[in-house]
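Asks: Would you be able to build a 3D model of this:
(one chain, ligands or ions: 3)
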Amino acid sequence: MADKIKDAKIIFVVGGPGSGKGTQCEKVVAKYGYTHLSSGDLLRAEVASGSERGKTLQAIMQKGELVPLDTVLDMIKDAMIAKADVSKGFLIDGYPREVKQGEEFEKKIGAPSLLLYIDAKPETMVKRLVKRGETSGRADDNEETIKKRLDLYYKATEPVIAFYSGRGIVRKVRLESPLTGCSQEIRREGMFVMKEMS
Ligand SMILES: Nc1ncnc2c1ncn2[C@@H]1O[C@H](COP(=O)(O)OP(=O)(O)O)[C@@H](O)[C@H]1O
Ligand SMILES: Nc1ncnc2c1ncn2[C@H]1C[C@H](O)[C@@H](COP(=O)(O)OP(=O)(O)O)O1
Ligand SMILES: [Mg+2]
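Replies: Ligands and ions are numbered 1, 2, ... in the order given. Okay, the predicted model is just below:
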């Protein structure tokens, strides 16, 4: 089974909470036909299923903490296998959250060709998340949890960017501009992605 994704093309998409990872991934998908897999979405689907495991996950996410590495890696791997036949490549959004996650992914699945780093100022992220919280229904889009998620991002996830920068595969996209104004930059990055992946 795992053989199906042995040579899969992989892009990690990393950035703070509310930086715009999901939004930019949708743009890349619409234009280049990659498969978008968000670790957070996969986890929320498990929560929505009402399973025992989902209840445990919900409690962790509500606190703004990271769920166990094995859980999220297994979910991503299963989702990749399910899409392997129809996929040109995978955008893995929200993973790795810490260097160890990247190392385990590479052991069990493969190496990324690119890391898209979605950068935004902390004030911007907080503002967007508070706004998103008005309608998202997400247990973690409240001010208290947002603060914890930001702290954890700087502590655990920023080192991921340094780690892959050392390999020369990081492309940084800054997205302070309004939604309409930012597509140019991702388009340029998208071209780069296509060149890398073809
Ligand atoms: N470039 C942008 N400019 C303004 N608002 C944005 C931008 N990108 C995303 N947003 C808004 O910020 C919120 C978080 O975006 P999302 O893509 O869900 O981020 P993430 O997946 O990184 O948490 C959403 O409500 C979205 O509409
Ligand atoms: N790779 C990962 N490892 C551990 N926990 C993760 C994870 N990806 C997501 N989670 C958990 C903890 C996060 O605070 C929560 C929401 O994640 P998310 O939807 O990716 O948030 P956002 O897109 O706002 O950054 O799910
Ligand atoms: Mg997201």
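Asks: Excluding sequence neighbours, find me the nearest residue to whichever residue of the chain sits closest to ligand 2.
Replies: Residue of the chain nearest ligand 2, by CB to the nearest ligand atom: Gly40 (1.9 Å). C-betas here are computed from N, CA, C, even on glycine. Spatial nearest neighbour of Gly40, chain neighbours left out: Gly94 (5.0 Å); criterion: CB to CB, 6 or more residues apart in numbering.
Asks: Need the phi and psi values for the one you found.
Replies: Main-chain torsions, Gly94, degrees, to the nearest 10: phi 90, psi 10.
Asks: Kindly report the same for Val173.
Replies: Phi and psi for Val173, reported as degrees, to the nearest 10, are phi -120, psi 130.
Asks: Make sure it is actually in contact with Thr23.
Replies: No - using CB atoms under 8 Å, Val173 is not in contact with Thr23, being 11.1 Å away.
Asks: re the thing from before, near ligand 1, anything from the helix or strand hosting the residue of the chain closest to ligand 2?
Replies: For Gly40, the enclosing helix or strand under DSSP states H and E is helix 39-48. No - using CB under 6 Å from any ligand atom, we find that helix 39-48 stays clear of ligand 1, coming within 7.1 Å at best.
Asks: Reduced to three states, what does Lys131 come out as?
Replies: For Lys131, the secondary-structure state derived from DSSP: H, G, I helix; E, B strand; the rest coil is helix.
Asks: I'd like to know how many residues surround it.
Replies: By other CB atoms under 10 Å, 12 other residues sit near Lys131.
Asks: What of Lys121?
Replies: 12.
Asks: The one 4 residues further on now?
Replies: When neighbours are defined as other CB under 10 Å, Met125 has 20 of them.
Asks: Ok, Leu150 next?
Replies: 18.
Asks: ok, now which ones touch it?
Replies: Residues counted as contacts of Leu150 (CB atoms under 8 Å, 6 or more residues apart in numbering) are Gly16, Pro17, Pro122, Met125, Val126.
Asks: Which of those has the largest number of neighbours?
Replies: Highest neighbour count within the contacts of Leu150, by other CB under 10 Å: Pro17, with 25 neighbours.
Asks: show me where the protein has strands.
Replies: Listed in chain order, the strands of the chain (DSSP state E) span 10-15, 35-38, 90-93, 114-119, 170-174.
Asks: mean pLDDT for these: which is lowest?
Replies: Here the strands of the chain differ in mean pLDDT, and the lowest is strand 170-174 at a mean of 90.
Asks: So which elements touch it?
Replies: Counting contacts by 3 or more CB pairs under 8 Å, 6 or more residues apart in numbering; DSSP states H and E, strand 170-174 packs against strand 114-119, helix 183-197.
Asks: follow-up on the earlier one: can you give me the buried ones in the helix holding Gly40?
Replies: By neighbour count on 16 or more other CB atoms under 10 Å, the buried set for helix 39-48 is Ser39, Gly40, Leu42, Leu43, Arg44, Glu46, Val47.
Asks: what's that helix packed up against?
Replies: Applying 3+ CB pairs under 8 Å, 6+ apart, we find helix 39-48 packed against helix 52-62, helix 69-83, strand 90-93.
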